[in-house]
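Q: okay, sequence plus prediction incoming.
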Amino acid sequence: MTTAHVDTFARDRLPPREQWPDLVFDLPELRYPERLNCATELVRGAIARGQGDRVAIRSPAGVRWTYRDLDAQASRIARVLVEDLGVVPGNRVLLRGPNSPRFAACWLAIMKAGAIAVATMPLLRAKELTDIGTKSEVSHALCDARLADELILARPQIPTLRRVALFETDVHEGIDRRAASKPATFDDVATFAEDVALIAFTSGTTGKPKGTMHTHRDVIAASDCWPKHTLRATADDVFTGSPPLAFTFGLGGLLVFPLRIGASTLLVERPSPEALFEAIATHGATVLFTAPTAYRAMAAMAKDYDLSGLRKCVSAGEALPAGTRRMWKEATGIDIVDGIGTTEMFHIFISHPDDDVRAGATGKPVPGYRACVLGEDGRPLPAGKVGRLAVKGPTGCRYLDDPRQANYVQGGWNMTGDAYFVDDDGWFVYQARADDMIVSAGYNIAGPEVEASLMQHPAVADCGVVAAPDEERGMIVKAYVVLKPGHEGGEAMTKQLQEHVKASIAPYKYPRAIDYVDALPRTETGKLQRFKLRTMAQEGAR
Ligand code: 3UK
């Protein structure tokens, strides 16, 4: 294998070939040259196609960079990396900050310099930054000055970290000052398509985070599958949303995918529901990416905003309950595009276009990907049978030096850890994380199905359902419920909610215990932390 990397750290730590997933390229557009740099392709590619004067990056504070401006910004920063900070191709560069134009320019600069981006989520603390920085042996860190504290705490614990440079500050040694003094041109490093471009760490609801490696080709291939065939946005669209650029859901949806089609992206630093509504109503965003919880919160507020410009809404990160889909449709007239993706696969691989929707199902394999549901014996199951989701396509899991590779990739398939079934029409229907299935009195019960039912009750704002220990039944179904304002928890409410569930799904699935809470524990990427609820349930039982 040939490489443009001088520092071969990543290549040396790829899993052995026999542990790789099968990579399939069965669409004609998925053929790429041997040399490919994703930043060159995304930014200069757009300029070469005549889109140089279109707006690529916007911010609510008024930034409007054309593709030509973006290339200049990223080139100047790439020069700082190479000329001032001594970055060589293959070095890992930690990147930290909220979503912003400068963050995007830094990410592209790292790509141009042939280095490897290790982006970290804004809410991570010194402990997590240390784990990530030591595992990926970062040599450099670029950090938004407003988030520098935790990185400074982590720095002494990361022995390989030689240089830290801040952006969004006009200190002399900072990136912004240095970049301003550089010429706006840079010879992008001619990386190989299979050179590693980024290491994305899993948001990890439990255990040590895993570093997933993605090549320049992976970034472009993912952009040529789901966005082209399923989302079908155009160069006139303005993308916005909440997922951090440090999460591949955000990196794809809010940076790489819009650039791939010459569209523009509005990067919002603090993407609260209000800020997202502002992005749409005031700044003309037309495509929205966020998680199911945010759609629930936003549906209740939508009537106060002009959302007539909004065209497409994407949900991922967690299952989208049918009730949430309906609430959003009632509030905005828009059918959400659900899609399941994973950090290991880079982005979405099962989804559906907005004109072909099946409430309660995630979708069908995205063109370019194949998926099936496997039984315990590793063979595909017939329709209707619940088993383990398996997927392959042009992208796939390669963990950085991690024995868990053998759990994720089995027989060439990527095993996401999700329990699914395929219905008679080929729709993939989510059940639960495989290890979140509740076994109660011999029945298999999927927490999310009970959640979806509870969520349809008018008093319920949010909920999480897990197994709780029970002397008689081994385990029982227990719900943690956040009520809407104006509703009271208590015996009467519990009775009502239980009756509601029994009337909407198989009665044995109803929650035998319900606790009322003010909020549910969630990750920065919007995922419910069921393990925390399980711990609460276990402690409650004692
Ligand atoms: C769950 C879903 C049901 C599922 C992600 C889009 O979430 C992303 O990546 P993560 O590595 O988590 C992966 C796990 O999250 N999940 C995600 N989407 C759905 N479950 N319906 C969905 N629509 O358990 C999966 O295994 O954090 C999502 C794009 C890029 C991503 N990284």
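A: Good, I have the coordinates.

Q: C-alpha only now, for contacts and for neighbours.
A: Noted.

Q: residues from the stretch 201-350 of the chain in reach of the ligand?
A: When proximity is defined by CA under 6 Å from any ligand atom, the stretch 201-350 of the chain lies next to the ligand at 202-203, 248-249, 316-319, 338-343, 346-348.

Q: what about those, which are in strands?
A: In this view, those that belong to strands under DSSP state E are 338-341, 348.

Q: where does this structure have low pLDDT?
A: 1, 203-207, 541-542 (pLDDT under 70).

Q: what residues does it have near the ligand?
A: On the criterion CA under 6 Å from any ligand atom, the ligand has as its neighbours in the chain the residues 202-203, 248-249, 316-319, 338-343, 346-348, 362, 416-418, 430, 433.

Q: show me where the stretch 251-400 of the chain has its helices.
A: 257-260, 273-281, 292-299, 322-332 (DSSP state H, counting those that start in this stretch).

Q: now tabulate the ones in strands among the residues of the stretch 201-350 of the chain next to the ligand in CSV and tack on neighbour count.
A: Compiled in CSV, these are given as follows (neighbours: other CA atoms under 10 Å):
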residue, neighbour count
338, 31
339, 27
340, 20
341, 19
348, 26
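
Q: let's see stretch 478-487 as PDB, backbone CA atoms only.
A: Coordinates of each C-alpha in stretch 478-487 appear next as PDB, following Å, rounded to 0.1, in the frame of the first residue of the first chain:
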ATOM      1  CA  LYS A 478     -39.600   0.200  34.100                       C
ATOM      2  CA  ALA A 479     -40.200   3.700  32.600                       C
ATOM      3  CA  TYR A 480     -38.600   7.000  33.600                       C
ATOM      4  CA  VAL A 481     -41.000   9.700  32.500                       C
ATOM      5  CA  VAL A 482     -40.600  13.500  32.100                       C
ATOM      6  CA  LEU A 483     -44.100  15.000  32.100                       C
ATOM      7  CA  LYS A 484     -45.200  18.100  30.200                       C
ATOM      8  CA  PRO A 485     -45.800  21.200  32.200                       C
ATOM      9  CA  GLY A 486     -49.200  21.200  33.900                       C
ATOM     10  CA  HIS A 487     -49.200  17.400  34.600                       C
END
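
Q: which parts of it are buried?
A: Counting neighbours by 16 or more other CA atoms under 10 Å, one finds that the buried residues in stretch 478-487 are 478-483.

Q: closest to residue 53 out of these?
A: Nearest to residue 53 among the buried residues of stretch 478-487 is residue 482, at 48.0 Å by CA to CA.

Q: my guess is the closest one contacts residue 516. True?
A: Yes: the criterion here is CA atoms under 8 Å, and residue 482 meets it with residue 516 at 6.0 Å.

Q: closest point of the stretch 101-250 of the chain to the ligand, which residue?
A: The ligand sits closest to residue 249 of the stretch 101-250 of the chain, with a gap of 3.5 Å, by CA to the nearest ligand atom.

Q: same thing with the stretch 351-500 of the chain?
A: Across the stretch 351-500 of the chain, the shortest distance to the ligand (CA to the nearest ligand atom) belongs to residue 416, at 4.8 Å.

Q: helix or strand for that residue, which one?
A: Assigned by DSSP states H and E, residue 416 belongs to strand 413-422.

Q: paired strands for that strand, with orientation please.
A: Applying DSSP bridges, strand 413-422 is found paired with strand 387-392 (antiparallel), strand 409-410 (antiparallel), strand 428-433 (antiparallel).

Q: residue contacts, residue 35?
A: Shown here is residue 35, whose contacts under the criterion CA atoms under 8 Å, 6 or more residues apart in numbering are 190-193.

Q: max pairwise distance over those: which two?
A: 190 and 193 (9.2 Å).

Q: give me the common contacts of those two.
A: With CA under 8 Å, 6+ apart applied, the overlap between the contact sets of residue 190 and residue 193 consists of 35-37.

Q: circling back to that earlier point, okay, the angle between the strand holding residue 416 and strand 337-341?
A: With axes from the mean of the first three to the mean of the last three CA atoms, to 10 degrees applied, the angle from strand 413-422 to strand 337-341 works out at 140 degrees.

Q: CA-only coordinates of the strand or helix carrying residue 198 in PDB, if you can.
A: Counting by DSSP H and E, the element that carries residue 198 is strand 196-201. Output of strand 196-201 as PDB, limited to C-alpha atoms (Å, rounded to 0.1, in the frame of the first residue of the first chain):
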ATOM      1  CA  VAL A 196      -6.300   8.000   6.800                       C
ATOM      2  CA  ALA A 197      -7.900  11.500   7.000                       C
ATOM      3  CA  LEU A 198      -9.600  11.400  10.300                       C
ATOM      4  CA  ILE A 199      -9.900   9.400  13.500                       C
ATOM      5  CA  ALA A 200     -13.300   9.800  15.000                       C
ATOM      6  CA  PHE A 201     -13.800   8.600  18.500                       C
END
